[in-house]
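> take this sequence and fold it.
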Amino acid sequence: MTKQEFLDTLKIKLSNLPKKEVNERLNFYSEMIDDKIEDGLSEEQAVLEIGTPDKVKDEIIKDIPFYKIAKEKIKPKRKLSWWEVTLIVVGAPVWFSLLIAFLAVIFSLFISAYAVTVSLWAVFVSLIALSVCGFLAGIIHLFIKGFFNGGAIIGCSIFLMGLTILFFYACKFLSVAIFKLTKKTLFILKKSLINKENA
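Next up, the predicted model:
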């Protein structure tokens with residue numbers, strides 16, 4: 001694929017994005033191809049190194065903030081007729097309520113997921129504090145209450161430290177999973193807004 005074919009294909013695939021963003025991205029990739037050609041690659045090799053237009057399109061969609069895409073899609077492409085305005089106003093109590101309910105459910109699901117994650121990290125910090133304090137208390141009990149009491153407390157603290165390490169990995173896994181889910185959901189939402197007009 002030549003540079004011009006790549007840029008033309010990419011321009012078509014990005015046609016539903018804000019025009020300013022499209023022009024900036026096309027200029028960016030044009031310069032990138034030129035730089036690779038200056039470094040000694042052929043035009044086809046330079047384009048091949050960048051990736052397919054579909055892959056580049058997905059990367060661009062990920063980079064563009066959601067509000068820019070939504071703002072572009074909310075702008076009416078034409079002036080609404082009187083009967084369309086009437087239908088929108090008359091139906092507003094129904095469609096607006098459903099929209100708010102839908103957004104509230106989605107928002108509450110994400111907030112709940114992040115709240116659970118924050119709570120688990122708080123438990124992790126508490127376990128660290130408890131195991132360290134327990135270990136120190138066990139050492140003090142060795143001298144005050146005797147070997148059996150102090151040894152039991154130290155043993156429980158060491159066991160708790162082991163559980164804390166396992167709990168750390170669980171918290172880390174959950175945090176990464178929720179972050180990836182949020183990112184993926186936003187990407188799917190952005191992509192559906194962009195591809196809606198192509199359907």
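
> which strands or helices does the lengthiest helix in the chain pack on?
Ranked by residue count under DSSP state H, the longest helix found in the chain is helix 82-144. Where contact means 3 or more CB pairs under 8 Å, 6 or more residues apart in numbering; DSSP states H and E, helix 82-144 is packed against helix 147-195. All C-beta atoms are positioned from the backbone trio N, CA, C, and that covers glycine.

> tell me the mean pLDDT over the helix it packs on?
Across helix 147-195, the average pLDDT comes to 87.

> what's the offset of it from the middle of its chain?
17 Å (CA atoms, centre = their mean, to the nearest Å).

> please apply the same query to stretch 91-99.
Distance, centroid of stretch 91-99 to centroid of chain: 29 Å (CA atoms, centre = their mean).

> and it, what's buried?
Within stretch 91-99, no residue is scored as buried using 16 or more other CB atoms under 10 Å.

> now do stretch 17-34
Quick answer for stretch 17-34 (16+ other CB under 10 Å): 17-18, 21-22, 25-26, 29, 33.

> same question for stretch 41-50.
Residues 43, 46-47, 50 are the ones in stretch 41-50 that count as buried (16+ other CB under 10 Å).

> switch those over to JSON lines; also include pLDDT, distance to S131 and secondary structure.
Formatted as JSON lines, these follow (pLDDT from 0 to 100; distance: CB to CB, whole Å; DSSP: H, G, I helix; E, B strand; the rest coil):
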{"residue": "E43", "pLDDT": "83", "distance to S131": "62", "secondary structure": "helix"}
{"residue": "A46", "pLDDT": "85", "distance to S131": "56", "secondary structure": "helix"}
{"residue": "V47", "pLDDT": "85", "distance to S131": "56", "secondary structure": "helix"}
{"residue": "I50", "pLDDT": "85", "distance to S131": "51", "secondary structure": "helix"}
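
> please tell me how far W83 sits from L99.
21 Å (CB to CB, to the nearest Å).

> ok, now E84?
Taken as CB to CB, the span from E84 to L99 is 17 Å.

> repeat that for D35.
46 Å.

> what residues go with each domain of this protein?
3-74, 93-195 (automatic domain parsing).

> taking the ones you listed together, which one is wrapped up most tightly?
domain 3-74 (a mean of 15; mean count of other CB atoms under 10 Å).

> name the SS class of D35, please.
State at D35, reduced to three classes by DSSP: H, G, I helix; E, B strand; the rest coil: helix.
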